[in-house]
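J.: Following is a predicted model, sequence given first.
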Amino acid sequence: MSSSNLSMEPELRKELPEDMYKFTKKLKKASSLIRMISPDYIFAPVAGAVPLVDMLYIVDRKFPLNDVEYLPNSSRFRNRTELMERWYKNFYKEKNISSKTKIICLDEVLSGSSSVVGYRQFLNSINNLAKEKSREFTNEVEAYDYHLKRLRKNIDYKIVGFSEQGYDRNPSFRKLITKGIARTVDFKEIPTIDNVAMNTIRFKEDGKNIQGRVVYSPEVERFDITPQYLNLLQSIASHVGADPRNVSPTNFSKIQEGMYRSLN
């Protein structure tokens, strides 16, 4: 296995779920939930949500691929906080969000801690955006309070978690569920979680952290479609009545676009 992988020690998992019928049924349930919320943007953290988007597009050919935005929300990246601050800053500049906006963040959920981090990053981005909008006003504090209140009202951020059974949930994640910010679709098993062979992206190495583990830059070195991953996508297609010969990973250009947003 190449050293240019996002996860150095992926958990050994089966290539296909034991019950593909139930697995695809859960994917359809997640797709229906997304449709019900009807988001303007769908956030997909590259460490885990890339295969989720591919699978959702197979079970729902009307899944809005063009609305997906890929972000480098992973502890495997060096300076993750800085990357995400830059990503959000450029995202808000590009999209010019000033009216009602619905955002869904797709995420793998074991404990739910990564979803909590992602939500806190979002809140921080709103604070930063409010500060930026307030700089030209005489009473900056008053302007900040006004813009922050308006942004919180206008931008609706929800989490749709693809959760695997058998793990204790992070207390903070449970609070997000209670508040209605997070919703989960519970799977018996999700073969893509922490499995490099089930993610197409290979990033450039950026040295090692203090624990001696390799960390990465959000620069895509290459895309790698493994036989295991293609087999999974084709199996899903077979179970939902799609032609297995016509399925493949999606949105390579949008993934690159998302990573450039955190680098510029």
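T.: It's in. Worth saying up front: this structure is predicted, and the values here are computed from it rather than measured. Residues are numbered from 1 along each chain as shown.

J.: so who does the closest residue to Tyr144 other than its chain neighbours touch?
T.: Nearest residue to Tyr144 in three dimensions, chain neighbours excluded: Ser134, at 4.2 Å (C-beta to C-beta, 6 or more residues apart in numbering). Using the backbone N, CA and C atoms, a C-beta is placed for each residue, glycine as well. Going by C-beta atoms under 8 Å, 6 or more residues apart in numbering, Ser134 touches Glu140, Val141, Ala143, Tyr144, Tyr146, His147.

J.: and the second one, how many neighbours does it have?
T.: With neighbours defined by other C-beta atoms under 10 Å, the count for Val141 comes to 9.

J.: helix/strand/coil for it?
T.: Three-state assignment for Val141 (DSSP: H, G, I helix; E, B strand; the rest coil): helix.

J.: Give me the distance between it and Gly212.
T.: Separation of Val141 from Gly212 (C-beta to C-beta, to the nearest Å): 45 Å.

J.: Show me where the stretch 51-200 of the chain has its helices.
T.: For the stretch 51-200 of the chain, applying DSSP state H, counting those that start in this stretch gives helices covering 80-95, 113-134, 140-154, 171-178.

J.: possible to save those as CSV with mean pLDDT and distance to Pro17?
T.: What follows is the helices of the stretch 51-200 of the chain, written out as CSV (pLDDT from 0 to 100; distance: least, C-beta to C-beta, whole Å):
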stretch, mean pLDDT, distance to Pro17
helix 80-95, 94, 30
helix 113-134, 95, 22
helix 140-154, 93, 39
helix 171-178, 97, 23
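
J.: Please report how far the residue nearest to Tyr144 lies from Lys95.
T.: On the measure of C-beta to C-beta, Ser134 and Lys95 end up 19 Å apart.

J.: re the thing from before, can you say which of the contacts of Ser134 are buried?
T.: For the contacts of Ser134, a neighbour count by 16 or more other C-beta atoms under 10 Å gives the buried set as Ala143, Tyr144, His147.

J.: got those residues as JSON lines, with distance to Val68 columns?
T.: Shown next, in JSON lines, are the buried ones among the contacts of Ser134 (distance: C-beta to C-beta, whole Å):
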{"residue": "Ala143", "distance to Val68": "33"}
{"residue": "Tyr144", "distance to Val68": "31"}
{"residue": "His147", "distance to Val68": "27"}
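
J.: Give me the below-cutoff pLDDT ranges for this protein.
T.: 1-12 (pLDDT under 70).

J.: And for the chain, the residue most distant from the center?
T.: For the chain, the largest distance from the centre (C-alpha atoms, centre = their mean) belongs to Thr138, which lies 38.5 Å off.
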